[in-house]
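Q: curious how this folds, go ahead:
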Amino acid sequence: MTDDSQRPIIVKRIKKSAHGHHGGAWKIAYADFVTAMMAFFLLMWLLGSTAKGDLEGIAEYFKTPLKVAMQGGSGSGDSSSVIKGGGKDLIRKDGQTQKTIDPKEKKTIDLQAAKAEFEKQELRKLQGLKEKLEKAIETNPLLKQFRNQILIDITSEGLRIQIVDEKNRPMFDLGGAHMKSYTTLVLREIGKVLNEVPNRISLSGHTDATPYFSGEKAYSNWELSSDRANSSRRELIAGGMDEGKILRVVGLASALMLDNNDPFNPINRRISLIVLNKETEDAISRGGKPLEVKKPEQASIALEAPLKEKPKETQGATAAESNKH
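A: Coordinates of the predicted model:
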């Protein structure tokens, strides 16, 4: 029998090999996880310490972040929060605010802006018409010889065109409404240009202060100025102007002087055409605004020459001269 104690003892050693390097990607993932958890707990803390009004404001801001800038009103900074008011100024108590415009007030502002823009455009059109008339006067041989008697300016009522008398070149027969042939041609040429614009026309006749023998009881300067205005209206229409453009024809006698210093100056005898702006046209249509309520200003340099050169007519005129208009 074999002695087992004599058997050799065999020790098996298992050699362990080192595993490969796993890298540090898990550290980045872990850092992201920790950051997310920190943000989550910070959010929970903010939610727990924020009033209901603040929460609603924050929610509304993220729904429409430009609401305050575009529509006015208030934003999320209005309510009390951890940092009063937010922004760079940490001692400010009020948050993001903007003046809220009442819908009625906003509508009024919009209407005023639209009206102002319309008036600007209308003024540009009238200025263009003025330039066109001035050019027509300079290029038309017939009108050019009367340029000192045609005064053009822009007033609060619109574009005003005045055809005035000269001592040696009156527009009408003495003391009557019969128009001189050259006045007829001038009015017809002007009528052609005025027919090209949509504006309505107001027409008024004026005389100087020389009275009739009968005074105001019979035929007077009031009738004379009215008859001359109507005579001018007929010639404008004969020249091609649409009769529907005439809004009003009036005779103002010597009530509105062009030269207040000399009521007998021939330039006070005139026909005044006004290309009305929209505001004045509406006022006249409502019967709420009289024609030429303001004192007429000196229209152009051409007006100054007659004022300086024309000798004054004496008030003590003879019986034959007292009917001179």
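
Q: if we go by neighbour counts, what in stretch 205-218 is buried?
A: 205, 206, 207, 208, 209, 210, 211, 212 (16 or more other C-beta atoms under 10 Å). C-betas here are computed from N, CA, C, even on glycine.

Q: surely the second one and residue 256 touch.
A: This points to residue 206. Yes. The pair residue 206 / residue 256 is scored as a contact, 6.5 Å apart, by C-beta atoms under 8 Å.

Q: which member of the buried residues of stretch 205-218 is positioned nearest residue 27?
A: Using C-beta to C-beta, the shortest approach to residue 27 within those belongs to residue 206, at 101.1 Å.

Q: so what does the closest one have for phi and psi?
A: Per-residue torsions, residue 206: phi -140, psi 150 (degrees, to the nearest 10).

Q: now swap in residue 273 and tell me
A: Dihedral angles (degrees, to the nearest 10) for residue 273: phi -110, psi 130.

Q: go on, residue 157?
A: Here the main-chain torsion angles of residue 157 (degrees, to the nearest 10) amount to phi -90, psi -20.

Q: any idea how far residue 126 is from it?
A: To residue 126, residue 157 is 10 Å away according to C-beta to C-beta, to the nearest Å.

Q: equivalent analysis for residue 262, please.
A: Residue 262 sits 30 Å away from residue 126, taking C-beta to C-beta as the criterion.

Q: ok, residue 112 next?
A: Between residue 112 and residue 126 the distance is 21 Å, computed by C-beta to C-beta.

Q: and residue 254, by the same measure?
A: Going from residue 254 to residue 126 by C-beta to C-beta gives 28 Å.

Q: all helices in the stretch 101-250 of the chain, in order from the N-terminus.
A: For the stretch 101-250 of the chain, helices defined by DSSP state H, counting those that start in this stretch occupy the ranges 103-139, 141-144, 181-194, 221-238.

Q: for the closest residue to residue 267 other than its chain neighbours, grab the count of nearby residues.
A: Here the nearest residue to residue 267 in space, its sequence neighbours aside, is residue 164; by C-beta to C-beta, 6 or more residues apart in numbering that works out to 4.4 Å. Here the count is done by other C-beta atoms under 10 Å, and residue 164 has 27 residues near it.

Q: if we can go back for a sec, which one of residue 112 and residue 126 has more residues nearby?
A: Here residue 112 and residue 126 are compared on neighbour count by other C-beta under 10 Å; more neighbours surround residue 126, at 20 against 10.

Q: is the nearest residue to the more buried one once chain neighbours are set aside bridged to anything, and to what?
A: Taking C-beta to C-beta, 6+ apart, and ignoring the residues beside it in sequence, residue 126 has residue 159 as its nearest neighbour in space, at 4.5 Å. In this entry, residue 159 is beta-bridged to residue 154, residue 275, by DSSP bridges.

Q: ok, residue 159 touching residue 275?
A: Yes. With the criterion set as C-beta under 8 Å, residue 159 and residue 275 qualify as a contacting pair; they are 4.1 Å apart.

Q: between the two, which contacts overlap?
A: Common neighbours of residue 159 and residue 275 (criterion: C-beta atoms under 8 Å, 6 or more residues apart in numbering): 126, 129.

Q: flag the shaky bits of the stretch 151-300 of the chain, pLDDT-wise.
A: With pLDDT under 70 as the threshold, the stretch 151-300 of the chain has low-confidence stretches at 288-300.

Q: roughly how far does residue 181 sit from residue 169?
A: Taking C-beta to C-beta as the measure, residue 181 and residue 169 are separated by 12 Å.

Q: what about those two, which has more around it?
A: When residue 181 is set against residue 169 and neighbours are counted by other C-beta under 10 Å, the residue ahead is residue 169, at 15 against 7.

Q: just give the closest residue to that one, not the sequence neighbours.
A: residue 149 (7.1 Å).

Q: contacting residues for that neighbour?
A: 163, 164, 165, 166, 169.

Q: any idea which of the residues you listed is closest to residue 130?
A: So of the contacts of residue 149, ranked by how close each gets to residue 130 (C-beta to C-beta), first place is residue 163, at 15.2 Å.

Q: that closest one pairs with what?
A: residue 150, residue 271.

Q: correct me if wrong: it contacts residue 148.
A: No. In this structure residue 163 lies outside contact range of residue 148 using C-beta under 8 Å: 10.9 Å.

Q: looking at the two, which is more packed in?
A: Of the pair residue 163 and residue 148, residue 163 is the one with more neighbours under other C-beta under 10 Å, namely 19 against 15.

Q: and the more buried one, how far from residue 196?
A: According to C-beta to C-beta, residue 163 stands 19 Å off from residue 196.

Q: same deal with residue 130?
A: Taking C-beta to C-beta as the measure, residue 130 and residue 196 are separated by 13 Å.

Q: more neighbours: which of these two?
A: Between residue 130 and residue 196, counting by other C-beta under 10 Å, residue 130 is the more crowded of the two (17 against 10).

Q: please report how far the more buried one lies from residue 269.
A: For residue 130, the distance to residue 269 under the criterion C-beta to C-beta works out to 23 Å.
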